[in-house]
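[1] give me a model of this one.
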Amino acid sequence: MKTKLSLTALLFTLSFILSPCTAQVPQGFNYQAIARDGTGAILSNTSLQVMFYVQSLSTGGTLYWKELHSSVTTNSFGLFNLVVGNGVRQTESTVATFNLIDWSITPKYLKTEIYYSGSCRQACCQRYYICVG
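    Residues are numbered from 1 along each chain as shown. Okay, here's the model as predicted:
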């Protein structure tokens, strides 16, 4: 009986070790932020447009992806939620679709701009390490 259990455990373990490892390419990822104006006041219940850039450097470099979310509305706390990868692709993007970004080339930077009251505000440019695999 002990031999049978050991053999079963060994086969179970080997099935995981020998199974092919596959990585999934992200189709998008969640983004959540609180919108504030230049003085730090919360932009509550405000219509915004949000532009995302996935690029190789914090300023410039290769622009892999650029997308626009044109009808974003904040809640009473200024909070909004989006999925990067689900916006409208902009022509400056060097890849045709979001899932064609080569995430194995690191680092990647996510630059965010918000548009409200007729003007653009760069919110931030943050370095991201994406692990696929």
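[2] let me see the contact set for I114.
    Contacts here follow Cβ atoms under 8 Å, 6 or more residues apart in numbering; on that basis I114 touches A35, L48, Q49, V50, M51, C120, R121, A123. For glycine as for every other residue, the C-beta is placed from the backbone atoms N, C-alpha and C.
[3] what's across from the residue nearest the centre of the chain in the sheet?
    For the chain, the residue nearest the mean C-alpha position is F29 (4.0 Å; Cα atoms, centre = their mean). Applying DSSP bridges to F29 yields these beta-bridge partners: V84.
[4] so how far is F80 from it?
    F29 sits 15 Å away from F80, going by Cβ to Cβ, to the nearest Å.
[5] could you check how far R121 is from L43?
    10 Å.
[6] list residues touching both of the two?
    Counting by Cβ under 8 Å, 6+ apart, the residues touching both R121 and L43 are D37.
[7] between the two, who's got more neighbours?
    The neighbour comparison of R121 against L43 (other Cβ atoms under 10 Å) goes to L43, with 20 against 16.
[8] the closest residue to that one other than its chain neighbours: what's it in contact with?
    Computed as Cβ to Cβ, 6 or more residues apart in numbering, the closest residue to L43 that is not its neighbour in sequence is A35, at 4.1 Å. Residues near A35 by Cβ under 8 Å, 6+ apart: I42, L43, T46, L48, T74, G78, L79, F80, I114, Y116, A123.
[9] and A35, backbone torsions?
    Main-chain torsions, A35, degrees, to the nearest 10: phi -80, psi 130.
[10] do the same with V72
    Torsion angles, degrees, to the nearest 10, at V72: phi -110, psi 130.
[11] for it, which non-adjacent residue is closest in space?
    L48 (4.5 Å).
[12] where in the chain is pLDDT low?
    1-26, 122-133 (pLDDT under 70).
[13] how about a cut-off of 50?
    Scanning the chain for pLDDT under 50 picks out 2-22, 131-133.
[14] would you map the strands across it?
    Per DSSP state E, the chain carries strands over the ranges 29-34, 47-55, 63-73, 79-84, 88-89, 108-116, 119-128.
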